[in-house]
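> Below is the sequence, then the predicted model.
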Amino acid sequence: MIRGTLSIIEITILSVLILATRCANYQDVFVAGNVYFTDADCYARMTRVRMCSEHPGLIVRHHEFENFPAGTTPHTTAPLDYLVLALSIFLKPFTAQAIDVAGALISPLLALLGGWFLWWWSKRIKLRYRWMMLILYAISPILVHGTELGRPDHQSVLIVFVAIAICAEWSLRAEAGRHLRTATGVRSKWSVLTGIAWSLAIWVSAYESLVLFLLVMVVIALEDPKAIWARSRRAGWFCFFLVLAIALLIERRIPSFSVLYSNPLFQNWARTIGELAHVSPANPVWLRWTGYLLLVTPFLIWISTIRSRRESERTTPLLVLVLLVATYALTVWQARWGYFFMLIFALALPRLLEPIKSRAAIWIAFFLSIFPILRDWDEKLWPKETHLADRVTQRNESAQLRDMALSLRSSKNHPFLAPWWLSPEIAYWSGQRGVAGSSHESLPGIEDSALFFVSQDWETARKLLENHQVAWVIAYDSDRAAQNSGEILGTAVPQQPVCMVLDKTATRAPPFLLLSAQNGVAKLYRVVAR
């Protein structure tokens, strides 16, 4: 009874910590009775969910709501669409905006499930400092960002599946050293779990998860070539290939790796995307993610490597160390890998610290080390007046943009052109199709929208609108639109581009663009056909 009570207390504390950090941005998500998502990609995801809700059983393989009229073949897949939809069905008795609320809640709930699994797994393998891992999982800003409220993105699903897969591989390796008959059945169960977790992760996104899976397989093959096809792993391989076969039958397309393209336009656009930016090793953001213990991690890895040569059962598995180093290097290349680096860092840290015998010293060092993380949270929870003013302004802008988008609703198709980062939310609220989008598959539309906004020739601008059958043009902050368009095209911004005229001097707009509405955020122009 005492153990059960302690377990309930532990789970409660962990759950409160996970949900409190993930939902700290609730004021930016729930505004005036409406739900606003944190990223442009989230609106694209929610448009998919709405399509699935209107057509049950639909597998969305083509996006008509972005890069109109050609559309896109997206890299996003069905699992998260139907996870959000399933949650919305459960929420229908409690809210009139079930789909929106489900989209807002799905990532924190996934983070909660991941935390419960880590609590159970770390207790099962008897990690000495397991609460350090759980605390970092709960409060690390980068992991919180990946699973925060209002961010229905595939990375929140990947974090959970990858965590389960790596933990199962760790346990499978630990059981492999035992020759008891009872261990064979345990190894088979861990093998099944690894197969299912890896295959589901690859189904959700065949990029980060596939790279991590291949790294794990290479390490296992180098350590013991026979281990990959060992009898205890056969059930796992069967589940792995079965799930992938189901995924291929459902999706009916091969995963795209266009994120690796070297197209100059893609490279220019990628430099404007935060998650595709490089993270310098000297960037202080590393310490805000991990704390000061990151600075001694190379030394701890060296100690762990020495211990592993002595075949100690209390060392960090080589595959975890390799993943830690690899994801660090990948994060230096692309910030989007930071979620997985931090996850693996949290998993590895308790075992890396085990050689140090003094528990008191370790815990004191840990709490002192997370000072940068706590300082980051202090800035978020109690922001300076300027930052708070920016957040209030952003909320007001989102509300006004939503009102403008709602005015475009119609049973007929009236495509619009807007800055690419605003297009997914306008498409979601209006139900209309946009020329641009927020994915790399929308680059043709992004390029044409940028050409329109920085053009100085009204006839050229009109031809671009006609090519995309545009009925509405939304003019946003001309300074930002011009700067971003110039960066994408790799050209200098002219003194009087189209976006500046439409934004600041509407009376100078040509006859084929009629000002129909405006507010403090944007102006809406109706396109008059020839």
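Received the coordinates, thanks.
> what about residue 68, how many neighbours?
Around residue 68 there are 26 other residues, counting by other Cβ atoms under 10 Å. All C-beta spots, glycine's among them, are computed from the backbone N, C-alpha and C.
> who touches the closest residue to it other than its chain neighbours in this structure?
Excluding its sequence neighbours, the residue lying closest to residue 68 (Cβ to Cβ, 6 or more residues apart in numbering) is residue 433, at 4.1 Å. Neighbouring residues of residue 433 by Cβ atoms under 8 Å, 6 or more residues apart in numbering: 64, 65, 66, 68, 69, 413, 415, 416, 427.
> make it 10 Å
If you count contacts by Cβ atoms under 10 Å, 6 or more residues apart in numbering, residue 433 has them with 63-69, 71, 413-416, 423, 427, 468-471.
> Mind checking which of these are in helices?
In this view, the contacts of residue 433 that belong to helices under DSSP state H are 423, 427.
> How much space separates residue 420 from residue 268?
If you measure residue 420 against residue 268 using Cβ to Cβ, to the nearest Å, the figure is 12 Å.
> Between the two, which contacts overlap?
Going by Cβ under 10 Å, 6+ apart, residues that sit against residue 420 and also against residue 268 are 443, 447, 450, 488.
> pretty sure the last one is in contact with residue 443, am I right?
Yes: Residue 488 sits in contact with residue 443 when judged by Cβ atoms under 10 Å, with a separation of 8.9 Å.
> Show me whatever sits in contact with both of the two.
By the contact definition Cβ under 10 Å, 6+ apart, residue 488 and residue 443 are jointly contacted by 265, 266, 268, 269, 420.
> which of the residues you listed tops the neighbour count?
Each of the shared contacts of residue 488 and residue 443 was scored by neighbours using other Cβ under 10 Å; the highest score is residue 420's, at 30 neighbours.
> Surely it is within a strand?
No: under DSSP: H, G, I helix; E, B strand; the rest coil, residue 420 falls outside any strand and is assigned coil.
> where does residue 332 sit relative to residue 511, distance-wise?
From residue 332 over to residue 511 the distance is 52 Å, taken as Cβ to Cβ.
> Which one's more surrounded, the two?
Residue environment comparison for residue 332 versus residue 511 gives the larger neighbour count to residue 332, 17 against 7, counting by other Cβ under 10 Å.
> Now do the contacts for the more buried one.
When contacts are counted by Cβ under 10 Å, 6+ apart, residue 332 touches 278, 279, 280, 281, 283, 286, 338, 341.
> That one and residue 141, how far apart?
Computed with Cβ to Cβ, the distance linking residue 332 and residue 141 is 18 Å.
> Also residue 27?
18 Å.
> Do I have it right that residue 232 meets residue 187?
Yes: with contacts counted by Cβ under 10 Å, residue 232 reaches residue 187, the gap being 3.8 Å.
> Let me know the pLDDT of the closest residue to residue 436 other than its chain neighbours.
Setting aside the residues directly before and after it, residue 436 is nearest to residue 420 in space (Cβ to Cβ, 6+ apart), at 3.7 Å. Per-residue pLDDT puts residue 420 at 95.
> Touching, residue 420 and residue 438? I think so.
Yes: checked against Cβ under 10 Å, the pair residue 420 and residue 438 is within contact range at 6.3 Å.
> Okay then, goodbye and thanks.
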